[in-house]
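Undergrad: the sequence and its predicted three-dimensional model are supplied below.
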Amino acid sequence: MNLFNIYIISIFAYICEGYTLWLYCSGLFERRYNFIKRLLIYIIFYTIPILFIGLRIFSLNCILFFVMTMLIICTAYKVTPGKSMLHALLATFIMCITELIVMVAVPDYGQNVLGYIDSFKVQVMIYYISKLLYLIFMYIASYILSKKEHPGTTSTLKIFAPVGICAISVFIINSFCILCVNISLSTKYITLILISATVLLCLNVLAINMYNYIEKQYIQNEKLNLQLQNESLSIEYYKQLAEMDEKQKIMIHDIKNHLLSIKELNKEHNYNEIDKYISTLLYSEEFSKPVMVSDNEILNAIAYRFQKKCSDKNITFITDIRSKTVSFISPDDCTSLFCNLLDNAYEAACKTDDGHITLKICSDTSDKLTIMVNVVNSCNGNPFDSHGKLKTSKKDTISHGYGLKSIERVVNKYNGFIDMYYDENDSTFHTLISFSDRM
């Protein structure tokens, strides 16, 4: 293969490697510059190895690849030099592994391909396989590391689609190589095969970009929905607050008349009526329902909404939320966690004769840094099946379990622990959550 063809293949290889590194870093690191500046950094550093292409020394290529990757990560992203070095080592290791896999993936690579090493088109397809494998392994590594650094934020299904598409493409291009190596084909057919492999590679890039775009749109829509839910909760809470304030003002305005009525009853020594009158006042809506149950605005709105719902269904709702206990949880996660917890408790309590729900949030007495969330609700029978999974009585069985998954996502995100059990002695369902290693 002449030097010009070597330069063409090498430039193509660096473009693929740069694209893969771009995807890898985008999923892990915070950007230091905008798109244009980062693109220029990639172009500048990937231009350097082109000067040494003619040497074709494997060890030198590995060293250049490592240094170039480390400098790109350290320059384009907000990453320390030590951390960028570790990620560059990982990328270099994956690159070497994929090169070795190609020797196994292409049948009789060592014997037959060397005979076709001067065939530019066959060599290009071999590079296609190598770079697709590099993309697959780097994508998986990015997923694993992002899941480790941000638990609960990424789904296991995230890597199936892009990795599956790339794996199928590797198989197809590998089949093309088998045809070109083992069957005597004319230049025209080899060219058509190369064009097909190139189109397939472009479709992989397009599919991955579309997949990432759709995923980002989904995350943005989810955040928007949570924000709208938080706003609606706040609006509802402040409306109820204004309504309660108005009722209390009326009660204060009428307190003189109430006192005069009690005075008249006292003159008549009608103590039973006085007792009933005072009890009626004390347990009236204006006095019995506390407006503030938490110093957290979102949690306060959620608790007040469920307090109203429970009151309508004659369900006893008790809250004991200590100060600053949920300040480490973001508003979005606070909504997801407590709305789902109380939704489940409310649905179960509605099916019992003496419905009651208790929400208690406090710090552990033995360890003040550990926050304990305890939800207890009346429950009509054991909700667990023989396999230890929660049963559902909902008609929409397809949507069953998403509330619990949302709870587990938030618990995992904040390094918490969740335990659920049913107490047959008093027919209550208990949900215990502890956050000991708060972020």
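TA: Structure's in. What do you need? Quantities reported herein were computed from a predicted structural model and do not represent experimental measurements.
Undergrad: count of neighbours near Leu179?
TA: Neighbours of Leu179 under the rule other Cβ atoms under 10 Å: 13. Any C-beta I mention is one placed from the backbone N, CA and C, and that applies to glycine too.
Undergrad: measure it to Ile172 for me?
TA: Leu179 sits 11 Å away from Ile172, going by Cβ to Cβ, to the nearest Å.
Undergrad: again, but for Pro162
TA: Distance, Pro162 to Ile172, using Cβ to Cβ: 16 Å.
Undergrad: the two - which one has more neighbours?
TA: Neighbours around Pro162 and Ile172, counted as other Cβ under 10 Å, are more numerous at Pro162. The numbers are 23 against 14.
Undergrad: residues contacting the more buried one?
TA: Shown in contact with Pro162 (Cβ atoms under 8 Å, 6 or more residues apart in numbering): 139, 207-208, 211.
Undergrad: report the buried members of those residues.
TA: With burial judged by 16 or more other Cβ atoms under 10 Å, the buried subset of these is 139, 208.
Undergrad: which of the contacts of Pro162 sit farthest apart?
TA: Distances among the contacts of Pro162 were taken as Cβ to Cβ; the most separated pair is Tyr139 and Ala207, at 12.2 Å.
Undergrad: Ile361 should be in a helix, yeah?
TA: No. Counting by DSSP: H, G, I helix; E, B strand; the rest coil, Ile361 is not found in a helix; it is strand.
Undergrad: top helix in the protein by residue count?
TA: Longest helix in the chain by number of residues, with DSSP state H as the criterion: helix 187-267.
Undergrad: now the helix or strand following it against helix 187-267, angle please.
TA: As assigned by DSSP states H and E, the chain's next helix or strand after helix 187-267 is helix 271-282. Orientation check (axes from the mean of the first three to the mean of the last three Cα atoms, to 10 degrees): helix 271-282 against helix 187-267 gives 150 degrees.
Undergrad: export helix 271-282 as CSV, just CAs?
TA: The C-alpha trace of helix 271-282 is given here as CSV (Å, rounded to 0.1, in the frame of the first residue of the first chain):
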residue,chain,number,x,y,z
TYR,A,271,-71.0,22.7,81.9
ASN,A,272,-71.7,19.8,79.5
GLU,A,273,-72.7,22.3,76.8
ILE,A,274,-69.6,24.4,77.5
ASP,A,275,-67.5,21.3,77.1
LYS,A,276,-69.2,20.4,73.7
TYR,A,277,-68.9,24.0,72.5
ILE,A,278,-65.2,24.2,73.3
SER,A,279,-64.5,20.8,71.8
THR,A,280,-66.3,21.9,68.6
LEU,A,281,-64.1,24.9,68.4
LEU,A,282,-60.9,23.1,69.1
